[in-house]
Structures are given as C-alpha cells and as structure tokens.
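Enquirer: sequence-free structure coming up:
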C-alpha cells in the first residue's frame, strides 16, 4: 500500500517512445541506481501487458497501454531527492508528450509534493477528471 501518482499518455500509441525517452534521462538513471532498478516513470505498452499476462501471479488488468503509476510514499531512497527527480522527469515529459495525471491520485497532495511541484507534474493543473480536481486547483493556486 501507499500513495501512488497515476498518469497516462493522451496518445497510448506513443507508450514505447515515451518510455524510451524517460529511460534516456539522467534523472531516471539516478532513480534506477538508488531504487533497486525500479522504473519510477514508465508507460505500459502491449509487450509489458503480454508479459504480465504470462506471469503466474500477473495482474494485467491494472494498466492499459499508455498508463503508468509511481509510488510516492514509503521509498527507502532519500524522499526529497526522489520527489525532485520525479518532478524533473514529468517536466521534461510534458515538453515532448501529452501526459495527463489522474486528479484522484492520492499522492497529489501537499503531503508529498509542494504546490509548485504539483503544478509542474500536472502541467499547470491540467489533470484528468476525478473527485479531487478542485482540491488540486486549490493547492496550485497557492503558487
């Protein structure tokens, strides 16, 4: 359990391209080196889903192509450094891809990210609909 940031590409056909882009970022490499190889920012593609379906305990119905999720709580890696690296990755993603964040993601709170970081992650508050969209807008308006 924990707080997760859920996101997806507007165009899921670009999942492989977006994941390859993130894989090439120095921030992603730092995270991989410090989090046992876990890929904090990743977009599921058809190959990932097929591989999950073949696993004995696989759960392929959690994500569809172009979606992803990162854990923002309970990290053993330095939390502030982790958060800053994730924000930097999303800032760079927004320059090349249309990425939407689920406004209902429980990690979108001031407990995990500052209002300025939430503004960057959601690309100026442009989040997908959800129960807490108004709360997100209230948070980032503090910036």
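Expert: Structure received. All values derive from a computational prediction rather than experimental measurement.
Enquirer: What segments of the protein are helices?
Expert: Taking DSSP state H, the helices of the chain run over residues 15-23, 26-34, 46-54, 79-96, 115-121, 133-140.
Enquirer: for those helices, which one sits closest to residue 102?
Expert: Among the helices of the chain, helix 133-140 comes nearest to residue 102, with 9.8 Å by C-beta to C-beta. Yep, even glycine has a C-beta here, placed from its N, CA and C like the rest.
Enquirer: which one of the helices of the chain is the most hemmed in?
Expert: Of all the helices of the chain, helix 115-121 carries the top mean neighbour count, a mean of 20, counting by mean count of other C-beta atoms under 10 Å.
Enquirer: thinking again about what came up before, nearest to residue 3, out of the helices of the chain?
Expert: Judged by C-beta to C-beta, the one of those that comes nearest to residue 3 is helix 79-96, at 11.5 Å.
Enquirer: ok, back up a step: looking at the helices of the chain, which is closest to residue 106?
Expert: Using C-beta to C-beta, the helices of the chain put helix 133-140 closest to residue 106, at 11.2 Å.
Enquirer: before we move on, the earlier item: can you tell me which of the helices of the chain comes nearest to residue 64?
Expert: helix 46-54 (7.6 Å).
Enquirer: Please work out how many residues are found near residue 41.
Expert: Look at residue 41: counted by other C-beta atoms under 10 Å, it has 25 neighbours.
Enquirer: residues touching it, list them.
Expert: The contact partners of residue 41, taken as C-beta atoms under 8 Å, 6 or more residues apart in numbering, are 22, 28, 68, 70, 86, 89, 90, 93.
Enquirer: ok, of the helices of the chain, where does mean pLDDT dip lowest?
Expert: Mean pLDDT per stretch puts helix 133-140 lowest among those, at a mean of 66.
Enquirer: From residue 43, how far out is the residue lying farthest from the centre of the chain?
Expert: Relative to the centre of the chain, the most outlying C-alpha is that of residue 56, 26.1 Å out, by C-alpha atoms, centre = their mean. Applying C-beta to C-beta, to the nearest Å, the value for residue 56 to residue 43 is 24 Å.
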